[in-house]
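Asks: Make a model of this:
(chains A and B)
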There are 2 protein chains.
Amino acid sequence: MTLSSPSPAYAAVDWGTTSFRLWLIAGTGEILGERRSQEGMTTAAKSGFAPILNAHLSALGAGADLPVMICGMAGARQGWVEAGYLDVPAALGNCIGQAVRVPGEGRDVRILPGLAQRDADRPDVMRGEETQLLGALGDAQGSHLVCMPGTHSKWVRVEDGRVTGFSTFMSGELFDVLSKQSILSHAVADAAPFDGTHEAFRTAIAEAAAHPALATNLFFTVRSGQLLHGYDATRSKARLSGLTIGLEIAGALASTAPGTKVSLVASGPLAALYGAALQAAGLSPTLIDADLAVRDGLALAARTVWPA
Amino acid sequence: MTLSSPSPAYAAVDWGTTSFRLWLIAGTGEILGERRSQEGMTTAAKSGFAPILNAHLSALGAGADLPVMICGMAGARQGWVEAGYLDVPAALGNCIGQAVRVPGEGRDVRILPGLAQRDADRPDVMRGEETQLLGALGDAQGSHLVCMPGTHSKWVRVEDGRVTGFSTFMSGELFDVLSKQSILSHAVADAAPFDGTHEAFRTAIAEAAAHPALATNLFFTVRSGQLLHGYDATRSKARLSGLTIGLEIAGALASTAPGTKVSLVASGPLAALYGAALQAAGLSPTLIDADLAVRDGLALAARTVWPA
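Replies: I've put the predicted structure just below:
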């Protein structure tokens, strides 16, 4: 018997609005290859989804019949094939059976659906985060409040593996447009990196939580603080970040019972910033790596659809 | 004796970030001519301030020695000549004596200073609104809370002709960047005009006031409401407008004693929207036309500096 590299059983793809990530995974769960690019839905909607996917698979030497499990914005109406939504409340595992097969492809390519909350007052949608949740929680019992920071942060209530409700806060996008497209851009340009220990970040979290209705006034102080007090760009950017994150956390926790256990599904700098912000709010979140969670969710879906 | 047109005593100019307005005014106060253009500070900083001013004066046949009183962003650091700030508390009339003369011009051109609030926690600045306030209130006695909506709305406390404090809310700019640069642009594109009677506008004002910490979640419902409920662009835009204005009003009124008299200095559609929003909040604002107010403030300054 000779030792040989295992062959891939399937590919897992997290296809977001602006990013593409692919993993080649063996039946054992071993990761055999990975690709990352900026060819998100926005790019792919113009250049085509199949050529992008196939180029990445070819680059890793994947066979023409390797099946592919996809989550994220590739399943949006403006994506590759619309994968619809499961309405909440919904068991996370039910997403798997609703994966939509992409027609006309030689290989078996499936896209997982998102989740929809069809309330009259608080309609909401997610695409991709349901797969992260599947990987992070599976059918874990108990009551979980899950914070998933990002361009459009999600706060999700999960009971015994069922999503019972969720809220999207567009904090990341708000921070981005204010930093780049508003008068505040003058104050934050060329900021150095900062983290959750920056005093301006921590002060801003407390201010936003104490005076949420003053949000757009507090945002403006980023500019006036530069003009009148000469505050530097790093301090200004840390303040703006703390204001947007602090507002979100105050809103998300407003209807949450004290003592609720919070999980934080995040990676990289956002994990550190939100971890610091949640701790400042008196919480001790359990950190779950978002990259691992989405890969685990895709792998669980693939093993269910294509059992070895 | 023959009747003849009166000759102008001075020109008054409101020179904002993106707009230029000039009036030719007689010693009697009669308006002899008016010019409006989009040659605001942003344009003028590139092409030069003097050529723009002189072209508009020439077009109205003004003499080479006609004095000119200017307020607004022309006095910013990145403007024509920096006119500095008066620190609050400050009597509105004191702005006049601090007008800065533009050097090197044949005619007497002066730019009025702005106001600065040098608090450590709530630094704030205004340029142009102090001249509107001068025209709107002068040295009127009593306590006034003045709402001045715009790209950067100002809420100003005035006691017996003295500004005691003010707060800028960047609601207008927030509405603008969210409408044009964010995911919400898909939901509000091609909206029809709406006014303060639109139900989505009125509902949104109440929602933002009731749940200010949910602001960035409520913003996102503009997109999810389109996706899940098929809400049209006009309804979506009215909702976004109501959310940003409602948040501002809730914040501005949070520290205000019930029964405070509010003046609304505004023109055009903004006057109608804020009037409706303030009434929905239980207030009966006195409406003062913003265009007239700035012209009156400039005229008062000109008559003081150049008495007939």
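
Asks: outside of the helix or strand encompassing A:Pro269, which residues touch it?
Replies: If you go by DSSP states H and E, A:Pro269 is part of helix A:268-280. Helix A:268-280 is contacted from outside by A:147, A:149-150, A:193, A:195-197, A:201-202, A:205-206, A:241-242, A:245-246, A:249, A:262, A:264, A:266, A:284-285, A:287, A:289-290, using C-beta atoms under 8 Å, 6 or more residues apart in numbering or on different chains. C-beta here means a position set from N, CA and C on the backbone, and glycine is covered the same way.

Asks: Could you pull up the mean pLDDT of the helix or strand just after it?
Replies: Per DSSP H and E, the first helix or strand lying C-terminal to helix A:268-280 is strand A:286-289. Averaged across strand A:286-289, pLDDT comes to 96.

Asks: and strand A:286-289, which strands flank it?
Replies: According to DSSP bridges, strand A:286-289 forms sheet pairs with strand A:262-266 (parallel).

Asks: Using PDB, list the CA coordinates for the strand it pairs with.
Replies: Output in PDB follows, covering the C-alpha atoms of strand A:262-266 (Å, rounded to 0.1, in the frame of the first residue of the first chain):
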ATOM      1  CA  VAL A 262     -23.500  36.100  22.800                       C
ATOM      2  CA  SER A 263     -21.400  34.400  20.200                       C
ATOM      3  CA  LEU A 264     -19.200  36.500  17.900                       C
ATOM      4  CA  VAL A 265     -18.700  35.000  14.400                       C
ATOM      5  CA  ALA A 266     -15.900  37.100  12.900                       C
END
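
Asks: What residues of it count as buried?
Replies: A:Val262, A:Ser263, A:Leu264, A:Val265, A:Ala266 (16 or more other C-beta atoms under 10 Å in any protein chain shown).

Asks: Need the residues that contact that strand.
Replies: A:129, A:132-133, A:136-137, A:144-150, A:271, A:274-275, A:278, A:283, A:285-290, A:293.

Asks: Please pick the buried ones from those.
Replies: A:129, A:132-133, A:136-137, A:144-150, A:271, A:274-275, A:278, A:283, A:285, A:288-290, A:293.

Asks: tell me which parts of the stretch 201-308 of chain A are close to chain B?
Replies: A:209, A:211-217, A:219-221, A:224-225, A:227-229, A:244, A:247-248, A:250-252, A:254 (C-beta under 8 Å from any C-beta of the partner chain).

Asks: still on that earlier bit, sort the buried residues of strand A:262-266 by pLDDT and name the bottom one.
Replies: Ranking the buried residues of strand A:262-266 by pLDDT, A:Val262 lands last with 93.

Asks: Bridge partners for that one, pull those for me.
Replies: Going by DSSP bridges, A:Val262 forms beta bridges with A:Leu145.

Asks: what about the helices in chain A?
Replies: For chain A, helices defined by DSSP state H occupy the ranges A:41-47, A:49-59, A:94-97, A:129-137, A:171-181, A:185-188, A:199-210, A:215-229, A:233-254, A:268-280, A:290-305.

Asks: touching chain B at all, the fifth one?
Replies: So the one you mean is helix A:171-181. Yes: counting by C-beta under 8 Å from any C-beta, chain B is contacted by helix A:171-181 at A:Ser171, A:Glu173, A:Leu174, A:Val177, A:Leu178, A:Gln181.

Asks: And for A:Glu130, nearest residue in space, chain neighbours not counted?
Replies: Among residues not flanking A:Glu130 along the chain, A:Leu115 sits closest, at 4.9 Å (C-beta to C-beta, 6 or more residues apart in numbering or on different chains).

Asks: Please apply the same query to A:Thr286.
Replies: A:Thr286 sits nearest to A:Ser263 (C-beta to C-beta, 6+ apart), 4.8 Å away.

Asks: neighbouring contacts of stretch A:165-175?
Replies: A:88-89, A:115, A:117, A:122, A:124-126, A:149-157, A:240-241, A:244-245, A:247-248, A:251-252, B:178, B:182-183, B:214, B:216-217, B:219-220, B:224.

Asks: returning to that earlier point: pull up the gap between the residue nearest to A:Glu130 and chain B, please.
Replies: 11 Å (C-beta to the nearest C-beta, to the nearest Å).

Asks: Now do the same contact list for that residue.
Replies: Applying C-beta under 8 Å, 6+ apart, the residues contacting A:Leu115 are A:Tyr85, A:Leu86, A:Asp87, A:Val88, A:Ala90, A:Cys95, A:Val125, A:Met126, A:Glu129, A:Glu130, A:Val163, A:Phe166.

Asks: wait, isn't the fourth one in contact with A:Gln117?
Replies: Yes: with contact defined as C-beta atoms under 8 Å, A:Val88 and A:Gln117 form a contacting pair (5.0 Å).
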